[in-house]
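Peer 1: what follows is a predicted structure for the sequence shown.
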Amino acid sequence: GGIITQTPKFLIGQEGQKLTLKCQQNFNHDTMYWYRQDSGKGLRLIYYSITENDLQKGDLSEGYDASREKKSSFSLTVTSAQKNEMAVFLCASSIGAANTEVFFGKGTRLTVV
Amino acid sequence: GDSVTQTEGPVTVSESESLIINCTYSATSIAYPNLFWYVRYPGEGLQLLLKVITAGQKGSSRGFEATYNKETTSFHLQKASVQESDSAVYYCALGPNMGYKLTFGTGTSLLVDP
């Protein structure tokens, strides 16, 4: 089986700071995703990528940039961290569309002070 | 937009008792949504538990079952006899037949007392 590795596990940033979250998968999947989960809410799609160098905006893309330079990696940048922001960012991958099984990483927990 | 509503947790059940976690959905942008249950065990990433892509069909996995009911727009998760190892957070989700966005519920935390 494969694995999705997210780094770092915990990220503390300051207001206005640019922060980058990284994700690697060894499934050889074509599609990768970034979701955001706030406490008490469902996951919301930020960006996804259906192949290397492709980027598609999700519902929550404002305030974020993403980069898919290799098939195995997908990074997410918070362009200007908001004070008191706290959320878990989940990276995921699938072989095709979302009707195929989507595999998730364990998450990066962001705190902005 | 599309939405998923599920039982608010935490839910506590004794081992060997039955379980039902309710899930209802609204799919305004998807004509024939696919329905999913994902689960996150402690210390693990979210993983697919079961999926059903056709209305009227039932999916099952690890003793859990869910039936896609288009009339009541529901996809309740059931298990006849839970085990301590079922303690986890369960997420109901819907998605398009061909597309990339999954819409998730808020998750239901299940604790099974031994």
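Peer 2: Structure received.

Peer 1: how much space separates residue A:22 from residue B:10?
Peer 2: Separation of residue A:22 from residue B:10 (CB to CB, to the nearest Å): 32 Å. (Each C-beta comes from the backbone N, C-alpha and C, glycine too.)

Peer 1: now residue B:68, nearest residue through space, not along the chain?
Peer 2: Of all residues not flanking residue B:68 in the chain, residue B:52 sits nearest, at 4.3 Å (CB to CB, 6 or more residues apart in numbering or on different chains).

Peer 1: so what's the one you found bridging to?
Peer 2: Under the criterion DSSP bridges, residue B:52 forms beta bridges with residue B:35.

Peer 1: thought it was touching residue B:64?
Peer 2: No: using CB atoms under 8 Å, residue B:52 is not in contact with residue B:64; the gap is 12.0 Å.

Peer 1: please tell me how far residue A:43 sits from chain B.
Peer 2: In this view, residue A:43 and chain B are 4 Å apart by CB to the nearest CB, to the nearest Å.

Peer 1: go on, residue A:1?
Peer 2: Using CB to the nearest CB, residue A:1 is found at 11 Å from chain B.

Peer 1: just give me the neighbour total for that residue.
Peer 2: 5 (other CB atoms under 10 Å in any protein chain shown).

Peer 1: which helix or strand contains the residue most central in space within chain A?
Peer 2: Per CA atoms, centre = their mean, the C-alpha nearest to the average position across chain A is that of residue A:34, at 2.9 Å. For residue A:34, the host element (DSSP states H and E) is strand A:31-37.

Peer 1: is that strand up against chain B anywhere?
Peer 2: Yes: Strand A:31-37 is in contact with chain B by CB under 8 Å from any CB of the partner chain, via A:31, A:33.

Peer 1: for that strand, enumerate the helices and strands it packs against.
Peer 2: Judged by 3 or more CB pairs under 8 Å, 6 or more residues apart in numbering or on different chains; DSSP states H and E, strand A:31-37 is in contact with strand A:19-25, strand A:43-49, strand A:64-70, strand A:73-78, strand A:86-94.

Peer 1: quick check: buried residues in the first one?
Peer 2: By neighbour count with 16 or more other CB atoms under 10 Å in any protein chain shown, strand A:19-25 contains the buried residues A:19, A:21, A:23, A:24, A:25.

Peer 1: kindly report the same for the last one.
Peer 2: By neighbour count on 16+ other CB under 10 Å, the buried set for strand A:86-94 is A:87, A:88, A:89, A:90, A:91, A:92, A:93, A:94.

Peer 1: verify the stated contact: residue A:76 with residue A:34.
Peer 2: Yes: in this structure, residue A:76 is within contact of residue A:34 by CB under 8 Å, at 4.7 Å.

Peer 1: shared neighbours, the two?
Peer 2: A:21, A:23, A:46, A:47, A:64, A:66, A:89, A:91 (CB atoms under 8 Å, 6 or more residues apart in numbering or on different chains).

Peer 1: let's see the pLDDT reported for the residue nearest to residue A:7 when sequence neighbours are not counted.
Peer 2: Leaving out its chain neighbours, the residue that sits closest to residue A:7 by CB to CB, 6+ apart is residue A:22, at 4.9 Å. Model confidence at residue A:22, given as pLDDT, is 98.
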